[in-house]
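Asks: Dropping a prediction and its sequence here:
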Amino acid sequence: MPVWLEIIVRTLSAAFVLFLMTRILGKRQLSQLTFFEYVTGITIGDLAAFLSINHDQDWYIALVAIVTWFFVSLGIEFLQMKSKKSRDVIDSKGTVLIKDGKVLEDNLKKEKLTNEELMEQLRRKSIFKVSQVEYAVIEPDGQVNALLKDQYQPITLAQLGIKMPTEAEPQTVILDGKMMDEPLATSGFSRQWLNTELEKQGVSLENVYLGQVDGYGQLYVDLYDDKIKIPQPQEKPLLLATLKKCQADLEIFALSTENETNKQIYTTCSEQLQHVIDDTRRVLIQQ
């Protein structure tokens, strides 16, 4: 076999073996590399490169080394899943860096982290004042997570006493100009409904690169041609305007009638409708 052909075969084989091992080891290898996983990745990659280009050596030698590293990594992952002590030894524990707005210098030195690096990590989380931090910890993967003091945390709807309905997961119903039947059915809509919505927006199915339906049944489309401007749906703003008009009409009726019973009915209905408007305003103004 010619040398160039042997190298191609070895490279393709190494790529296939690496892909297969990565799939078995799981996505954690890609998203959150621990120190050992980092070393394992470099070592296996180096062995795969050796397998690809060193045609003078027997191919199975490098393959045996790769498989050995693979089973070592697999075994360590198994230990981590079964034993907390193993996780603490292999991945280490999180270390507190800030407590009650004060930097713990000894822990900072223990993690070989400078104060500039700590401030950089905090700024990435939009935190610019150490005094605002209640608690900060460096995780085993090197990320710094911080909890702000209560007075500096952003206000939530729960704190304001506003209850919002749970929004269903958006479904991608169009990909590359083709309808996706399963997500469409999950959203509770049909092909006919989707075609009607596309007609309302003045676009054809073939021109749609991506189409999504949100939890409120509103269709968003992204076209291949980004220069084309799509008019925003007006159903929600029109519904909000209609509710406001009805509430205003009820107030006018209450002011214009001289019958106290009717006045009370109009006033009560107006107040109830105002509560409905307040509860649904945030949903109806979303685009």
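Replies: Thanks, I have it.

Asks: need the strands for the stretch 1-150 of the chain, in chain order.
Replies: 95-99, 102-103, 133-138, 144-148 (DSSP state E, counting those that start in this stretch).

Asks: Next, format those as JSON lines and append mean neighbour count and distance to residue 84.
Replies: Yep, even glycine has a C-beta here, placed from its N, CA and C like the rest. Supplementary listing: the strands of the stretch 1-150 of the chain in JSON lines, determined by neighbours: other C-beta atoms under 10 Å; distance: least, C-beta to C-beta, whole Å:
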{"stretch": "strand 95-99", "mean neighbour count": "18", "distance to residue 84": "17"}
{"stretch": "strand 102-103", "mean neighbour count": "13", "distance to residue 84": "28"}
{"stretch": "strand 133-138", "mean neighbour count": "20", "distance to residue 84": "17"}
{"stretch": "strand 144-148", "mean neighbour count": "16", "distance to residue 84": "20"}
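
Asks: For residue 15, which non-adjacent residue is closest in space?
Replies: Closest residue to residue 15 in three dimensions, ignoring its sequence neighbours and counting by C-beta to C-beta, 6 or more residues apart in numbering: residue 48, at 7.6 Å.

Asks: just checking, the one you found touches residue 16?
Replies: No. Taking C-beta atoms under 8 Å as the definition, residue 48 is not a contact partner of residue 16, at 10.3 Å.

Asks: Looking at these two, which has the bigger crowd around it?
Replies: residue 48 (21 against 10; other C-beta atoms under 10 Å).

Asks: With mean pLDDT and distance to residue 77 added, can I get the strands of the stretch 1-150 of the chain in TSV?
Replies: Below are the strands of the stretch 1-150 of the chain laid out as TSV (pLDDT from 0 to 100; distance: least, C-beta to C-beta, whole Å):
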stretch	mean pLDDT	distance to residue 77
strand 95-99	93	23
strand 102-103	93	34
strand 133-138	93	22
strand 144-148	93	23
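
Asks: Could you export these to a markdown table, including columns for distance to residue 208?
Replies: Below are the strands of the stretch 1-150 of the chain laid out as a markdown table (distance: least, C-beta to C-beta, whole Å):
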| stretch | distance to residue 208 |
| --- | --- |
| strand 95-99 | 48 |
| strand 102-103 | 52 |
| strand 133-138 | 45 |
| strand 144-148 | 39 |
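
Asks: Out of those strands, which gets nearest to residue 67?
Replies: strand 133-138 (34.4 Å; C-beta to C-beta).

Asks: and the angle from that closest one to strand 144-148?
Replies: Angle of strand 133-138 versus strand 144-148, following axes from the mean of the first three to the mean of the last three C-alpha atoms, to 10 degrees, is 170 degrees.

Asks: And for strand 133-138, what's in contact with it?
Replies: Strand 133-138 is touched from outside by 94-101, 111, 113, 122, 127, 144-150, with contacts defined as C-beta atoms under 8 Å, 6 or more residues apart in numbering.

Asks: same thing but 6 Å
Replies: 94-98, 101, 111, 144-147, 149 (C-beta atoms under 6 Å, 6 or more residues apart in numbering).

Asks: next one: stretch 139-156
Replies: 32, 91-92, 94, 121, 125, 127, 132-138.

Asks: Considering those, which is situated nearest to residue 195?
Replies: residue 32 (43.4 Å).

Asks: By mean pLDDT, point me to the weakest helix or strand of the protein.
Replies: When each helix and strand of the chain is scored by mean pLDDT, DSSP states H and E, helix 28-31 comes last, with a mean of 48.

Asks: thinking again about what came up before, please identify which pair of the contacts of strand 133-138 lies farthest apart.
Replies: Across these, the longest distance by C-beta to C-beta is 22.9 Å; it joins 111 and 149.

Asks: sorry, back to before: and the residue nearest to residue 15, how close does it get to residue 244?
Replies: 66 Å (C-beta to C-beta, to the nearest Å).

Asks: do residue 256 as well
Replies: Distance from residue 256 to residue 244, by C-beta to C-beta: 19 Å.
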